[in-house]
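**Q** Have a look; sequence and predicted model below, questions after that.
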Amino acid sequence: MSIISIDGVDIAPGEHRQVMITIPRLCDWGDLRLPVHIVRGKQEGPVLAVTGAVHGDEINGTEIIRRLLKKPFLKKLTGTLIAVPIVNVFGFLNQDRYLVDRRDLNRSFPGSKKGSVAARIAHIIMTEIIAKSTHLIDLHTGSLHRENLPQIRVNTNSQPLKEMALAFRAPVILHSEGTESTLRVAAERAGCQAILYEAGEALRFDEVAIRVGLRGITGLMKHIGMLPSLKLKPSTVVSSMTQSSYWIRANHGGTMRVFKRLGKGVQPGEVLAVISNPSGIEEFDVVANQSGIIIGRNNLPLVHEGAALFHIASFDALHEAADSVKEMTECFDNREDYF
Ligand SMILES: [Zn+2]
């Protein structure tokens, strides 16, 4: 069986190791390290990379990976799990999306050995993690003050990627070929099959988002042959796929009161929120112009004109998609069941 080597450390079949990869040094001369967990089964198989906090303030993924690494079923693993709970260590420390050089790491892939801080970290991820992996799940949340319904972003033109997305069983699958210079796109170009999970909000733990994510990774591992048939938590959540989504933006600045929760269905002409002059009497309705489900929402009541407020996904079978969201909430929002 082959040896997998991460940052010069050899990991043999059956081993579980943590490797701390040294990343570019900052002005204080201190060492910062990127923690990577490698869990190898005794049998050869797929190599799945799971990455969290590529945007340093998107911390649901970090918690999903922490819970994943505690799972007893990893003792029955076929192939290898490479888990990187905090890809953007600088952003995580600063509770910030970006890197110390104010660059977006997820617009810096595949990076280069002699480029910016962001490019160097991207290069380390590509050479030490992605080049050794057959599959990738990149875990994200909405950005600051924005909350996303659990959803997979994937290029559904590829049958294997589509099947990976379906195996995850998030309530929504949004077709997206991906943005240039993101980890997902760079990984796919490097021959690693990649999907992205978006759920929850930056700097918050969202229990449903975490549980759906953990279960999704488990389902995907089963699908690609890394785990034996496991009894997963019963769920009838069926993913609804869509190619079409749109953002509703603020036509006026002001303070906003929202009437519709994440995951709710909307109809054309429906009032979703009201923006008011905070020191006057003027009020302006925020109105949906197409039917769909709210898959992303701004949670900050202070809105400037042009701010993105609601992300609406359209579905051919809107009722089925809405039922799936309801099912997810009922199935995974059990606060008494802690991990
Ligand atoms: Zn992100």
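**A** Great, that's in hand.

**Q** Tell me which other helices or strands the top helix by length along the chain touches.
**A** If you go by DSSP state H, the chain has its longest helix at helix 207-223. Using 3 or more Cβ pairs under 8 Å, 6 or more residues apart in numbering; DSSP states H and E, the elements in contact with helix 207-223 are strand 43-52, helix 60-69, strand 135-140, strand 146-154, helix 159-168, strand 193-201, helix 318-332. C-betas here are computed from N, CA, C, even on glycine.

**Q** For those, give me JSON lines that also has mean neighbour count, mean pLDDT and distance to the ion.
**A** Formatted as JSON lines, the helices and strands packed on helix 207-223 follow (neighbours: other Cβ atoms under 10 Å; pLDDT from 0 to 100; distance: least, Cβ to the ion, whole Å):
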{"stretch": "strand 43-52", "mean neighbour count": "22", "mean pLDDT": "97", "distance to the ion": "10"}
{"stretch": "helix 60-69", "mean neighbour count": "22", "mean pLDDT": "98", "distance to the ion": "9"}
{"stretch": "strand 135-140", "mean neighbour count": "26", "mean pLDDT": "98", "distance to the ion": "3"}
{"stretch": "strand 146-154", "mean neighbour count": "26", "mean pLDDT": "96", "distance to the ion": "9"}
{"stretch": "helix 159-168", "mean neighbour count": "18", "mean pLDDT": "96", "distance to the ion": "17"}
{"stretch": "strand 193-201", "mean neighbour count": "26", "mean pLDDT": "98", "distance to the ion": "7"}
{"stretch": "helix 318-332", "mean neighbour count": "18", "mean pLDDT": "80", "distance to the ion": "21"}
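
**Q** Any idea what residue 273 is bridged to?
**A** residue 258, residue 286 (DSSP bridges).

**Q** burial of residue 120, as a residue count?
**A** Look at residue 120: counted by other Cβ atoms under 10 Å, it has 16 neighbours.

**Q** got it, and the one 3 residues further on?
**A** Other residues near residue 123 come to 18 when the count uses other Cβ under 10 Å.

**Q** so what's the nearest residue to it once chain neighbours are set aside up against?
**A** Excluding the flanking residues, the one nearest residue 123 by Cβ to Cβ, 6 or more residues apart in numbering is residue 111, at 3.7 Å. By Cβ atoms under 8 Å, 6 or more residues apart in numbering, the contact set of residue 111 is 118-126.

**Q** quick one: secondary structure of residue 111?
**A** coil (DSSP: H, G, I helix; E, B strand; the rest coil).

**Q** Kindly report the same for residue 10.
**A** strand.

**Q** For it, give its distance to residue 313.
**A** 45 Å (Cβ to Cβ, to the nearest Å).

**Q** And residue 60, by the same measure?
**A** Distance, residue 60 to residue 313, by Cβ to Cβ: 20 Å.

**Q** Equivalent analysis for residue 159, please.
**A** Taken as Cβ to Cβ, the span from residue 159 to residue 313 is 22 Å.

**Q** where are the low-confidence patches of the chain?
**A** Applying pLDDT under 70 to the chain flags the ranges 1, 230-236, 334-339.

**Q** Can you pull the residues of it lying near the ion?
**A** 55, 58, 140 (Cβ under 5 Å from the ion).

**Q** tell me which of these is nearest to residue 94?
**A** Distance to residue 94 across the residues of the chain next to the ion (Cβ to Cβ) is lowest for residue 55, with 11.7 Å.

**Q** returning to that earlier point: please report phi then psi for the residue nearest to residue 123.
**A** Dihedral angles of residue 111 (phi, psi; degrees, to the nearest 10) stand at phi 80, psi -170.

**Q** residues contacting the nearest residue to residue 216 once chain neighbours are set aside?
**A** Leaving aside its chain neighbours, residue 216 sits nearest to residue 168 (3.7 Å; criterion: Cβ to Cβ, 6+ apart). Listed by Cβ under 8 Å, 6+ apart, the contact partners of residue 168 are 137, 152, 195, 197, 216-217, 219-220, 239.

**Q** hmm, 6 Å instead?
**A** Residue 168 is in contact with 152, 216, 219-220, counting by Cβ atoms under 6 Å, 6 or more residues apart in numbering.

**Q** so which of these comes closest to the ion?
**A** Minimum distance to the ion across these is 13.8 Å, recorded for residue 152 (Cβ to the ion).

**Q** Verify the stated contact: that closest one with residue 165.
**A** Yes: if you go by Cβ atoms under 6 Å, residue 152 and residue 165 touch, sitting 4.4 Å apart.

**Q** Which residues are in contact with each of these two?
**A** With Cβ under 6 Å, 6+ apart as the test, residue 152 and residue 165 both reach 173, 195.

**Q** Quick check: the residue of the stretch 201-339 of the chain nearest the ion.
**A** Counting by Cβ to the ion, the stretch 201-339 of the chain gets nearest the ion through residue 202, at 8.0 Å.

**Q** Run through the residues that contact the closest residue to that residue other than its chain neighbours.
**A** Leaving out its chain neighbours, the residue that sits closest to residue 202 by Cβ to Cβ, 6+ apart is residue 57, at 4.3 Å. Contact analysis of residue 57 by Cβ under 6 Å, 6+ apart lists 95-97, 202-203.
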